[in-house]
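**Q** Coordinates for the following, if possible.
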Amino acid sequence: MSEIMRIAPERARQDPEAVFKRPADIEKEVGLTRGQKIATLRRWEADVTRRLESTDEGMPSNNENSNDAALLKEIKVVIEAINAGEEPRPDAQ
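**A** Residues are numbered from 1 along each chain as shown. Reported below is the predicted structural model:
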C-alpha cells in the first residue's frame, strides 16, 4: 500500500521549519495542495523575516543571520518555481 500522507498538514502549515528540512521539500510534498504549499512557504518566509528583523532591532542573533538570509532566498526561489509550475533548481538555492 502506498503512503499518500507523509506529514500532518496542519502542523506543516503552522510550523513548516519543524516539519521540513528545506523549503524545496514543501514543493515535493504530495500531502499539500499547490495553495497549501505556497501558504506554508509564506508562513516560513514570515517567520524567517521576523527573526531577521529582530536582530536588526538589537536582539541577539546567535550567528544565524547569514543562514536565515540564505533560507529566505531559498524560500523565495521555491515560491517562484511553484507559481511558474516548475521544479526548483538546486543551483538557485
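**Q** Low-confidence ranges, the chain, go.
**A** The chain contains residues with pLDDT under 70 at 1-6, 55-64, 87-93.
**Q** again, only using 50
**A** Within the chain, the segments meeting pLDDT under 50 span 1-3, 92-93.
**Q** name the helices or strands packed onto the helix or strand hosting residue 41?
**A** Here residue 41 is covered by helix 34-56, with elements defined by DSSP states H and E. Packed against helix 34-56, as judged by 3 or more Cβ pairs under 8 Å, 6 or more residues apart in numbering; DSSP states H and E, are the following elements: helix 9-14, helix 16-19, helix 23-28, helix 65-84. C-betas here are computed from N, CA, C, even on glycine.
**Q** winner for burial among those?
**A** Neighbour counts averaged per stretch over the helices and strands packed on helix 34-56 are highest for helix 23-28, at a mean of 20; criterion: mean count of other Cβ atoms under 10 Å.
**Q** Alpha carbons of it, as PDB, please.
**A** Output of helix 23-28 as PDB, limited to C-alpha atoms (Å, rounded to 0.1, in the frame of the first residue of the first chain):
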ATOM      1  CA  PRO A  23      11.900  24.800   1.500                       C
ATOM      2  CA  ALA A  24      12.200  22.600  -1.600                       C
ATOM      3  CA  ASP A  25      10.800  19.700   0.400                       C
ATOM      4  CA  ILE A  26       7.500  21.500   0.500                       C
ATOM      5  CA  GLU A  27       7.300  21.700  -3.200                       C
ATOM      6  CA  LYS A  28       7.700  17.900  -3.400                       C
END
